[in-house]
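Colleague: when you get a sec, could you give me coordinates for this:
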Amino acid sequence: MSALWIAHVTVTDDEAYAKYAALATGAIGAHGGKFIARGGRFVQLEGKERPRNVVARFPSVEAAETCYNSDAYQEALNHARGASERELMIIEITE
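Modeller: Numbering: from 1, shown residues only. So this is what the prediction gives:
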C-alpha cells in the first residue's frame, strides 16, 4: 500500500532551508515520492500551527523510510537541522 510523508515545518533560516528543499526534492523523487502538497493554503483546526506543510506520496511505507534513511536525504536534512522546527511522519494509505 502507498504511504504519505507529512511534514509540518517552521523555517527559522530561509537560506539553509532552501538548500535542504533543493536536495530533499531529488532524494524524495529518487525513492518514488511525488509531492501532492507543498506549502500552500491551509486551515489549522487543532494542535500547533506550522506555516509550511508538505505532503508527498510514496509507493509504500518502506519506500518512504528508505528515503528518509538514505545518504542523499540525510545530506539534505543536515541543512534543515538548526534551520527549522519540524515534525515528520509517514502514514500508510488504507484505500
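
Colleague: can we go C-alpha only for contacts and neighbour counts from here?
Modeller: Fine.

Colleague: what does stretch 57-72 contact?
Modeller: Applying Cα atoms under 8 Å, 6 or more residues apart in numbering, the external contacts of stretch 57-72 come out as 1-5, 23-24, 27-28, 31-36, 73-74, 90-92.

Colleague: and the strands in this structure?
Modeller: 3-11, 34-38, 52-58, 84-92 (DSSP state E).

Colleague: turn the ones you listed into CSV, columns for mean neighbour count.
Modeller: Below are these laid out as CSV (neighbours: other Cα atoms under 10 Å):
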stretch, mean neighbour count
strand 3-11, 19
strand 34-38, 14
strand 52-58, 20
strand 84-92, 14
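
Colleague: okay, the ones you listed in JSON lines with mean pLDDT and distance to residue 78 next?
Modeller: Shown next, in JSON lines, are those (pLDDT from 0 to 100; distance: least, Cα to Cα, whole Å):
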{"stretch": "strand 3-11", "mean pLDDT": "97", "distance to residue 78": "14"}
{"stretch": "strand 34-38", "mean pLDDT": "96", "distance to residue 78": "20"}
{"stretch": "strand 52-58", "mean pLDDT": "97", "distance to residue 78": "18"}
{"stretch": "strand 84-92", "mean pLDDT": "97", "distance to residue 78": "11"}
